[in-house]
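Enquirer: everything below, folded, please.
(2 chains)
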Amino acid sequence: MIPTDWLGPQEWQAVRLSLRVAAVATLASLPLAVAVAWLLARRRFPGHGLVSGIVHLPLILPPVVTGYLLLVTFGTQGPVGSLLKPLGIVFAFRWTGAALACGIMSFPLMVRAIRLGFEAVDPKLEQAAATLGAPRAWIFLTVTLPLIMPAILAGATLGFAKAMGEFGATITFVSNIPGQTQTLPSAIYALLQVPSGDAAALRLVLVSVVIAMGAVLVSEWLARRMAERIEARR
Amino acid sequence: MLEVAFRHRFPGLSLEVAFQAPGGVTALFGPSGCGKSTAINAIAGLLRPDQGRIALDGRVLFDGATNLSPQARRIGCVFQDARLFPHMTVAANLRYPSRWRRGAARDFDRITEMLALGPLLHRRPGTLSGGERQRVAIGRALLSDPALLVMDEPLAALDEARKAEIMPWLERLRDQIRLPILYVSHSVPEVLRLATTVVLMRQGRVTHSGALADILADPELAPQLGAREAGALIRATVEAREADGLTRVATAGGPMLLPELDLAPGRVLRLRILAHEVILAREAPRGLSALNALPVAVTRIEGGLVQLALGHGAQHERMLAQVTPRSVKALELQPGTACHAIVKSVSVLPS
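Expert: Take a look at the predicted model:
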């Protein structure tokens, strides 16, 4: 039995907040990631390269730059932030902002993994389904989606792990407010700034390693089970 | 009746395909890469040709103004690679079309029984043998309530044993289900066993189409099926069993004797007589070990093959003999010459 006083209340808060931020970021961006991955894998259109470039931008830009751009755009004075504020949607210095930052930072990783899944599905299976009378949306739901489920899972896990660890863009966009926006990495960073924080920081490092490993193991197990269900692809 | 006439250009191959397929099994025959698969993709709606017209039983599937989706065409497809959905059981594969093609659901029991799919229903495609997979693919296509069944080299990926296993099912299909079938193949034995009509394709073009027996007995076209395969297909009716065990059959050219067949008198057979198994003689042969010598008349001579008429009038049939130009000269063969065809061997095909 792990004693619950092993971590202080503020550390627990950071762990819980990080889990919530990562889960919301992953689940909210997943449908969009599937759509963009499909677009990039299956459609050729003018601006294909541009879309691909924009999707990959957060992977290449310094996270501080992404965070700053988010602050400028989604801050209360920003063009999008000021539009959303009357609707009661505020990102700046809220946990939702942390989720937005994490979602954007992990998006390219999710798209890449899912896109590989789409490219591995034989379009001839979808053609066969069309000759059997199924409409395209139904074919997507019953043939394509089940076949790329392992790739979606892989993308989601990768995105979740990235979101758990996101630091630069988050701290730039929503700062480091305990209980509000202080995620696990921000908490570790804050603890390292005070002379007595080493032990607590080490405990949080351990927690983040366990969570990351757990996520990878669970997703690999799920992906293997699905692959067994699908068996030899012919 | 399927009416096809379209043009399509690929880099490196331009296609000009035109043919008609009446009922029964129409074989689309030609070497690999001649455009057969493109033709059936255009018919099934999986490829949009540059121009042309495709119609099925008077219903326009494609022309300048119309291009029906594959969903709307009602053409059941059996592909060489089966294309079963790997994440579904056999039963789920078979029932996949029933949500959209209402007419099909009621046939489920009949078709699973006809193709003996019962023991496979709970298996997944990955655990099936190649022959079983094709049987499931055929069942699934039939259960999509099609107006035409298109089969793209369904046996090409199978070994000889599997081919032999699936062939009887295809024959049952042809004989039991009144559904026109377009059968794409580059295998002569398959075409001979299944087809009623043959469409010959070469380098993106249809070179000829017609009834199977007419093409086999055409000295110009038969070589397209392969030199060893040239030879006629004629009808015969079982007459009686001779005292020595041989079976006597009636043909357009008179009676023939075949090795013992365990068939009742009156049964109709198709006899395959290869051109290189036929010897011609100007006079009635005597002192020969061959049992069958039929009176025939030369109708055409072309490229080492002589076309012969068997019998007279409406009942006549055609066969081919392989004869060297030297012999043609020596025997003074020309259209109209009466002679005797000595048939060394015959193979019997069920009819």
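Enquirer: pLDDT weak spots in the chain?
Expert: Reading this off chain A. A:1-5, A:229-234 (pLDDT under 70).
Enquirer: um, chain B though
Expert: In chain B, residues with pLDDT under 70: B:227, B:350-351.
Enquirer: what residues does it have near chain A?
Expert: B:44-46, B:69-71, B:73-77, B:79, B:81-87, B:96-97, B:99-101, B:124-127, B:133, B:140-141, B:144 (CB under 8 Å from any CB of the partner chain). (C-beta placed from N, C-alpha, C; glycine too.)
Enquirer: try it again with 6 Å
Expert: B:44, B:46, B:70-71, B:77, B:83, B:85-87, B:96-97, B:100-101, B:124, B:126, B:144 (CB under 6 Å from any CB of the partner chain).
Enquirer: distance of B:G304 relative to B:T324?
Expert: 7 Å (CB to CB, to the nearest Å).
Enquirer: likewise for B:A297?
Expert: 20 Å.
Enquirer: neighbour count winner among these two?
Expert: Neighbour count, other CB atoms under 10 Å in any protein chain shown: between B:A297 and B:T324, B:A297 has more, with 18 against 9.
Enquirer: residues near the nearest residue to A:Q180 once chain neighbours are set aside, how many?
Expert: Among residues not flanking A:Q180 along the chain, A:W95 sits closest, at 6.4 Å (CB to CB, 6 or more residues apart in numbering or on different chains). When neighbours are counted by other CB under 10 Å, A:W95 registers 20.
Enquirer: now swap in A:R112 and tell me
Expert: Around A:R112 there are 19 residues (other CB under 10 Å).
Enquirer: from the contact counts, what lies against the strand or helix carrying it?
Expert: Here A:R112 sits within helix A:95-120, counting by DSSP states H and E. Counting contacts by 3 or more CB pairs under 6 Å, 6 or more residues apart in numbering or on different chains; DSSP states H and E, helix A:95-120 packs against helix A:9-42, helix A:48-60, helix A:145-165, helix A:168-174.
Enquirer: for the third one, name the packing helices and strands.
Expert: The helices and strands touching helix A:145-165, judged by 3+ CB pairs under 6 Å, 6+ apart, are helix A:9-42, helix A:95-120, helix A:198-230.
Enquirer: can you rerun that using 8 Å?
Expert: helix A:9-42, helix A:95-120, helix A:184-193, helix A:198-230 (3 or more CB pairs under 8 Å, 6 or more residues apart in numbering or on different chains; DSSP states H and E).
Enquirer: now the last one
Expert: Applying 3+ CB pairs under 8 Å, 6+ apart, one finds that helix A:168-174 contacts helix A:63-74, helix A:95-120, helix A:184-193.
Enquirer: what comes into contact with the longest helix along chain B?
Expert: Longest helix in chain B, counting residues (DSSP state H): helix B:160-176. Outside helix B:160-176, the residues that touch it by CB atoms under 8 Å, 6 or more residues apart in numbering or on different chains are B:24-25, B:114-115, B:129-131, B:134-135, B:138, B:142, B:149, B:151, B:154-155, B:158, B:179, B:181, B:190, B:193-194, B:350.
Enquirer: do stretch B:228-237 as well
Expert: By CB under 8 Å, 6+ apart, stretch B:228-237 touches B:188, B:192, B:212-213, B:216-217, B:219, B:222-223, B:249-252, B:256, B:266-278, B:305, B:310, B:317-320, B:322, B:349, B:351.
Enquirer: and the strands in the stretch 251-351 of chain B, which stretches?
Expert: Taking DSSP state E, counting those that start in this stretch as the criterion, the stretch 251-351 of chain B carries its strands at B:254-258, B:268-274, B:278-281, B:292-302, B:305-310, B:317-322, B:338-343, B:347-350.
Enquirer: same question, the stretch 101-250 of chain B
Expert: According to DSSP E, counting those that start in this stretch, the strands that the stretch 101-250 of chain B contains are B:148-152, B:181-185, B:197-202, B:205-211, B:231-241, B:247-251.
Enquirer: how far does the fourth one sit from the chain's center?
Expert: Taking CA atoms, centre = their mean, to the nearest Å, one finds strand B:205-211 lying 13 Å from the centre of the chain it belongs to.
Enquirer: A:R44: which of the strands of the stretch 101-250 of chain B is closest?
Expert: Across the strands of the stretch 101-250 of chain B, A:R44 has its closest neighbour in strand B:148-152 (26.2 Å, CB to CB).
Enquirer: just checking: what are the partner strands of that closest one?
Expert: strand B:75-78 (parallel), strand B:181-185 (parallel) (DSSP bridges).
Enquirer: just send the ones you listed back as TSV, with mean neighbour count and distance to A:F173 too.
Expert: Formatted as TSV, the strands paired with strand B:148-152 follow (neighbours: other CB atoms under 10 Å in any protein chain shown; distance: least, CB to CB, whole Å):
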stretch	mean neighbour count	distance to A:F173
strand B:75-78	28	53
strand B:181-185	25	60
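Enquirer: would you list those in TSV and tack on distance to A:P31?
Expert: Output for the strands paired with strand B:148-152, formatted as TSV (distance: least, CB to CB, whole Å):
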stretch	distance to A:P31
strand B:75-78	32
strand B:181-185	41
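Enquirer: out of these, flag the one nearest A:A129.
Expert: Going by CB to CB, the one of the strands paired with strand B:148-152 nearest A:A129 is strand B:75-78, 10.7 Å.
Enquirer: after that closest one, next one along is what?
Expert: helix B:90-95.
Enquirer: ok, residues contacting that following helix?
Expert: In contact with helix B:90-95 (CB under 8 Å, 6+ apart) are residues B:84-85, B:105, B:108, B:111-112, B:117, B:120-125, B:128, B:136, B:139-140, B:143.
Enquirer: which ChimeraX command selects the buried ones in those?
Expert: Here is the ChimeraX selection string for the buried members of those, based on 16 or more other CB atoms under 10 Å in any protein chain shown:
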select /B:84,85,108,111,112,117,120,124,125,128,136,139,140,143
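Enquirer: name the SS class of the nearest residue to A:K85 once chain neighbours are set aside, please.
Expert: Closest residue in space to A:K85, ignoring its immediate chain neighbours: A:T76 at 5.9 Å, by CB to CB, 6+ apart. Secondary structure for A:T76, judged by DSSP: H, G, I helix; E, B strand; the rest coil, is coil.
Enquirer: relative to chain A, which residue of the stretch 51-200 of chain B is the closest?
Expert: Residue nearest to chain A within the stretch 51-200 of chain B (CB to the nearest CB): B:G126, separated by 3.0 Å.
Enquirer: re the thing from before, helices - which of the contacts of helix B:160-176 land there?
Expert: B:M114, B:G130, B:G131, B:Q134, B:R135, B:I138, B:L142, B:E190, B:R193, B:L194.
Enquirer: who wins for neighbours among the residues you listed?
Expert: That'd be B:Q134 among those, by other CB under 10 Å, with 29 neighbours.
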